[in-house]
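K.L.:
No sequence on hand, only this structure:
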């Protein structure tokens, strides 16, 4: 455990597995009190147990972000209640993960769900938490983007669209709230080895072979980046992806 983020509270959406779990664990290890969000209470309890057994502080809140304002308002309220005050760090990580899907096979229902979870929810959750951040003099928002939002890949049109939107949202929010002391940045991971990506190794392995490192990222590495962006070491970084 370190004291880098001691005394700060963090809400991490989509934190019951993969990158979100890695970010939650890293923030807790750096001293933050972490609110773990997800839809599955059992998985949430497992993540919380792992964090607390390692000496960290964590709680779980269940919410289905596809439900819109009702869900994000409830999540913001419950998170603040569990934290005992305003949230200092918001990590918008939850996303609708669309596998390789041809655009001609993409349904309207898939589009609606992807936009609701991956784009609308971060905007609504930010709007719900920013007033308290502003009142107390600042805060940190970290949005989870993706290399897919930067480079085009076949059969990823819907996912790439949502991640491009997150990158644009990050820059706009940084310009809007930077003067209020709220730093907004994004992390755009390349292929990261998680339980979900294991099923797509046949698609991803050839891509890995083109990278300088020739290796996948890990959730722990993404978590370390989140800790840096949330810390005072990144005090003058705004709108970066």
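P.N.:
Structure's in. What do you need? The structure presented is a predicted model; accordingly, all values stated were derived computationally and were not measured.
K.L.:
for the protein, what spans make up the helices?
P.N.:
Assigned by DSSP state H, the helices in the chain fall at 18-29, 41-53, 69-83, 108-115, 121-135, 157-177, 201-208, 219-230.
K.L.:
just those helices: most buried one?
P.N.:
Across the helices of the chain, averaging neighbours per residue (mean count of other Cβ atoms under 10 Å) puts helix 18-29 on top, at a mean of 27. Where C-beta positions appear, they are placed from N, C-alpha and C, glycine not excepted.
K.L.:
by contact count, what packs against it?
P.N.:
Judged by 3 or more Cβ pairs under 8 Å, 6 or more residues apart in numbering; DSSP states H and E, helix 18-29 is in contact with strand 9-12, strand 33-38, helix 41-53, strand 57-62, strand 89-92, helix 219-230.
K.L.:
Indicate which one of those is closest to residue 182.
P.N.:
With Cβ to Cβ, the closest approach to residue 182 among these belongs to strand 89-92: 9.4 Å.
K.L.:
what helices or strands is that closest one leaning on?
P.N.:
strand 9-12, helix 18-29, helix 121-135, strand 139-144.
K.L.:
In this protein, what helix or strand scores lowest on average pLDDT?
P.N.:
Among the helices and strands of the chain, helix 201-208 carries the lowest confidence by mean pLDDT, DSSP states H and E, at a mean of 75.
K.L.:
contact partners of that one?
P.N.:
By Cβ atoms under 8 Å, 6 or more residues apart in numbering, the surrounding residues in contact with helix 201-208 are 100, 153, 191, 197, 214, 215, 216.
K.L.:
how far away is residue 97 from residue 19?
P.N.:
According to Cβ to Cβ, to the nearest Å, residue 97 and residue 19 sit 11 Å apart.
K.L.:
Distance of the nearest residue to residue 120 once chain neighbours are set aside relative to residue 124?
P.N.:
Using Cβ to Cβ, 6 or more residues apart in numbering and skipping residues adjacent in sequence, the residue nearest residue 120 is residue 68, 6.7 Å away. Using Cβ to Cβ, residue 68 is found at 7 Å from residue 124.
K.L.:
Does residue 227 touch residue 26 like I think?
P.N.:
Yes. Proximity of residue 227 to residue 26 meets the contact threshold set by Cβ atoms under 8 Å, at 5.1 Å.
K.L.:
Got phi/psi on the residue nearest the centre of the chain?
P.N.:
In the chain, the residue lying closest to the centroid (Cα atoms, centre = their mean) is residue 93, at 1.8 Å. In terms of degrees, to the nearest 10, the main-chain angles of residue 93 are phi -110, psi -30.
K.L.:
check contacts around it.
P.N.:
Residue 93 touches 12, 13, 14, 15, 19, 20, 23, 144, counting by Cβ under 8 Å, 6+ apart.
K.L.:
Measure how buried the last one is and give me the count.
P.N.:
Put plainly, it is residue 144. 26 (other Cβ atoms under 10 Å).
K.L.:
Residue ranges in the chain under the pLDDT threshold?
P.N.:
1, 199-200 (pLDDT under 70).
K.L.:
now with 80?
P.N.:
1-2, 99, 192-207, 211 (pLDDT under 80).
K.L.:
looking at it, which residue ends up farthest from its center?
P.N.:
residue 104 (28.8 Å).
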